[in-house]
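1. need coordinates for the following:
(3 chains)
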Amino acid sequence: MEVLKLKRGLDLVLLTADFAGTLLFAMEGALAGIRGGMDLFGVLVLAFITAVGGGIVRDLLIGATPPASIKDWRYGAIAFTGGMMAFLFHGVIAQKASSGVITALDAAGLSLFAIAGATKAMEFGMHPMMAVLLGTITGCGGGTIRDILLNTVPGVLRADIYASAALLGAAVMVAFVRVLKLRPSLAALAGGISCFALRMISVWHGWSLPKVGA
Amino acid sequence: MEVLKLKRGLDLVLLTADFAGTLLFAMEGALAGIRGGMDLFGVLVLAFITAVGGGIVRDLLIGATPPASIKDWRYGAIAFTGGMMAFLFHGVIAQKASSGVITALDAAGLSLFAIAGATKAMEFGMHPMMAVLLGTITGCGGGTIRDILLNTVPGVLRADIYASAALLGAAVMVAFVRVLKLRPSLAALAGGISCFALRMISVWHGWSLPKVGA
Amino acid sequence: MEVLKLKRGLDLVLLTADFAGTLLFAMEGALAGIRGGMDLFGVLVLAFITAVGGGIVRDLLIGATPPASIKDWRYGAIAFTGGMMAFLFHGVIAQKASSGVITALDAAGLSLFAIAGATKAMEFGMHPMMAVLLGTITGCGGGTIRDILLNTVPGVLRADIYASAALLGAAVMVAFVRVLKLRPSLAALAGGISCFALRMISVWHGWSLPKVGA
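-> Numbering: from 1, shown residues only, chains lettered A, B, ... in the order given. The predicted structure is shown next:
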């Protein structure tokens, strides 16, 4: 009974975090659309795709159709709300967007998406290596599609420790579950902290991955 | 018996309209490819993807695989025929393409695709809000992928009342079926007319959606 | 017994060829990423998507989910190995990449992918015309997604006899199986040789498809 209550409480926390991450990513996508000269419809599309695009690609690839964010209308409602808020209050929001608080919130969202994505992939029987890849896609896929729609080279492919942080987080979680046989919740925590820490430290120090000839 | 005949007659009308819309969208996609300097293969790819891309994305998202236009070879045959016609007679067709007749035909095709897409999404148990979204994707998805392949920002994201017309049409139909409990055929008619009317009036008056800072 | 052994031997040859093609396409994708200024993560993504992207699109379209290269971790492992090799030894590899040997190996990989793709599509009950299309997508889809990520118009849409060679190979194979009722292995051989020959001859003579106004 108590355990069940705890489990339900945890589920509620996770769902709330998932919705919060969706809202944040949607607002970031919308701001990118506004900067790219999109009209209201385009801004809402970019909000939606940035927020749920990674999860949709993951679900299509693991055969979990219809994808969660198509089946459950609340993701769409939250994404469009975030997009509309960004459209109406872009001045205030854009100003905050460059602050450290948003960077930290975004890193938290990235960690959450990467861990949730890798977990779902494992639940669907994917190989650990593919689960890590699918976790990374969950974290970065939406931003990648957003950049394609904005007709730019996806940022995650050429700069910054962003996708790599998602990959590290997913890898830590998968390794802790599969190799060290840790409890999933502990492994998820360790993975999430790894992703968050790597992302924040690399922003702080201006780290980036090696390039050929650079 | 009479009813059955009527039903069959209606199905035939709808199928014919669907094929006609596919042909028209394919020719428009092919013309865009010719303007973009594509070779014959590229022109045929753009014809195909413009005509059936929206429906394919919808079918993947609602879990209706293989998508209708992959399962039924006639869509591909029609799309490639349209692409080949545009390639061979581009001079004549391109001239007509800027005329009001083509704008009206395109608006009719958009209405049809949006309504058909929303209907199929509802049949697959999607939430009304997502059915509206999926109807819009059916109408505009093909053109969006075409623009990505042409390496331009998708036109529907930044100009014109086009996607919005598809969205209105799908929303009217879904609302009439779910809220007003109208017969699907009547609701589809109302939705289609809404989409068509909004598109034509907005072309007439040069309407577009608001942008930030514009 | 002997037949079974032969069958197993053939399967092993095919699997080895498939893996070799995956490695080669991955290295080519990685080189394109290096030229496009990607960082290590981006190079590995381009290696993966170039190598297995076409097969993933095919599998999604025929309803074979999860796609083979997501279900079987070895494709990913090979693709990332190829990408890492290209990243580390790009100087040597890039030099070879313009040689005739690589062109021939690439044409062999294209033939293999096109034939394998069309075969799988037929096994999943697709119409012959769509099987040809799906074989072509298997051969060229990965390169197309790579070009989209590099923010360029996909090369196969506007230059060169590349996709057309894949299409010819798939068409020859499908026709030989369906019309001439040849054994699948013989038809595959005929299709593969057609694709390879057309590609090599067209490189040799600098052939390309017609364009409008060109």
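
2. how many residues are close by the closest residue to chain C within chain A?
-> Residue nearest to chain C within chain A: A:Leu157 (3.1 Å; Cβ to the nearest Cβ). Any C-beta I mention is one placed from the backbone N, CA and C, and that applies to glycine too. The burial count assigned to A:Leu157 is 25, neighbours taken as other Cβ atoms under 10 Å in any protein chain shown.

3. averaging pLDDT per element, find the lowest-scoring helix or strand in chain A.
-> When the helices and strands of chain A are compared on mean pLDDT, DSSP states H and E, helix A:90-97 comes out lowest with a mean of 79.

4. hmm, it in reach of chain B?
-> Yes - applying Cβ under 8 Å from any Cβ of the partner chain, one finds helix A:90-97 touching chain B at A:His90.

5. and that helix, what does it pack onto?
-> For helix A:90-97, the contact count by 3 or more Cβ pairs under 8 Å, 6 or more residues apart in numbering or on different chains; DSSP states H and E identifies helix A:2-35 as packing neighbours.

6. and the helix it packs on, which residues are buried?
-> Neighbour-count burial for helix A:2-35, with 16 or more other Cβ atoms under 10 Å in any protein chain shown as criterion, is recorded at A:18, A:21-34.

7. ok, these vs C:Ser99, which is closest?
-> Of all the buried residues of helix A:2-35, A:Ala32 has the smallest distance to C:Ser99: 41.8 Å, by Cβ to Cβ.

8. next secondary structure element downstream of the least confident helix or strand of chain A?
-> helix A:100-123 (DSSP states H and E).

9. any idea how far that following helix is from the middle of the chain?
-> In terms of Cα atoms, centre = their mean, to the nearest Å, the centre of helix A:100-123 is found 5 Å from the chain centre.

10. what comes up buried for that helix?
-> A:102, A:105-122.

11. so what does it touch, helix or strand wise?
-> helix A:2-35, helix A:40-62, helix A:128-149, helix A:163-178, helix A:184-205.

12. also near chain C: which of the buried residues of helix A:2-35, exactly?
-> Of those, not one also sits near chain C (Cβ under 8 Å from any Cβ).

13. residue contacts, the residue sitting nearest the centre point of chain A?
-> Nearest to the geometric centre of chain A sits A:Gly139, at 3.4 Å (Cα atoms, centre = their mean). Counting by Cβ atoms under 8 Å, 6 or more residues apart in numbering or on different chains, A:Gly139 touches A:54, A:110-111, A:113-114, A:117, A:163, A:166, A:169-170, A:195.

14. any chance of those in a markdown table, plus pLDDT?
-> A markdown table is the format used below for these (pLDDT from 0 to 100):
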| residue | pLDDT |
| --- | --- |
| A:Gly54 | 97 |
| A:Leu110 | 96 |
| A:Ser111 | 97 |
| A:Phe113 | 97 |
| A:Ala114 | 97 |
| A:Gly117 | 96 |
| A:Ala163 | 95 |
| A:Ala166 | 97 |
| A:Gly169 | 97 |
| A:Ala170 | 97 |
| A:Cys195 | 97 |
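
15. need those residues in JSON lines with distance to C:Leu44, can you?
-> Shown next, in JSON lines, are those (distance: Cβ to Cβ, whole Å):
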{"residue": "A:Gly54", "distance to C:Leu44": "17"}
{"residue": "A:Leu110", "distance to C:Leu44": "18"}
{"residue": "A:Ser111", "distance to C:Leu44": "21"}
{"residue": "A:Phe113", "distance to C:Leu44": "20"}
{"residue": "A:Ala114", "distance to C:Leu44": "16"}
{"residue": "A:Gly117", "distance to C:Leu44": "18"}
{"residue": "A:Ala163", "distance to C:Leu44": "10"}
{"residue": "A:Ala166", "distance to C:Leu44": "13"}
{"residue": "A:Gly169", "distance to C:Leu44": "17"}
{"residue": "A:Ala170", "distance to C:Leu44": "15"}
{"residue": "A:Cys195", "distance to C:Leu44": "18"}
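
16. lowest average pLDDT across the helices and strands packed on helix A:100-123?
-> Mean pLDDT is lowest for helix A:2-35 out of these, coming in at a mean of 85.

17. by how many degrees do that helix and helix A:184-205 diverge?
-> Inter-element angle recorded for helix A:2-35 and helix A:184-205: 30 degrees (by axes from the mean of the first three to the mean of the last three Cα atoms, to 10 degrees).

18. and helix A:2-35, what does it pack onto?
-> Secondary elements touching helix A:2-35 (3+ Cβ pairs under 8 Å, 6+ apart): helix A:40-62, helix A:73-88, helix A:90-97, helix A:100-123, helix A:128-149.

19. and it with helix A:100-123, angle?
-> Using the same axes, to 10 degrees, helix A:2-35 lies at 120 degrees relative to helix A:100-123.

20. tilt between helix A:2-35 and helix A:128-149?
-> Interaxial angle, helix A:2-35 versus helix A:128-149 (the same axes, to 10 degrees): 30 degrees.

21. in contact with the one residue in chain A that gets nearest to chain B, which residues?
-> Evaluated by Cβ to the nearest Cβ, chain A has A:Gly42 as its residue closest to chain B, separated by 3.1 Å. Residues in contact with A:Gly42 (Cβ under 8 Å, 6+ apart) are A:33, A:36, B:154, B:156-158.

22. return the member of these nearest to A:Leu182.
-> A:Gly33 (40.3 Å).

23. number of residues surrounding the nearest residue to that closest one once chain neighbours are set aside?
-> Spatial nearest neighbour of A:Gly33, excluding adjacent residues (Cβ to Cβ, 6 or more residues apart in numbering or on different chains): A:Leu46 at 3.6 Å. Residues within reach of A:Leu46, counting by other Cβ under 10 Å, total 31.

24. now A:Leu46: how far from A:Phe25?
-> As defined by Cβ to Cβ, to the nearest Å, A:Leu46 lies at a distance of 10 Å from A:Phe25.

25. A:His127 now?
-> For A:His127, the distance to A:Phe25 - Cβ to Cβ - is 27 Å.

26. if anything else comes up later, I'll come back, but that's it for now.
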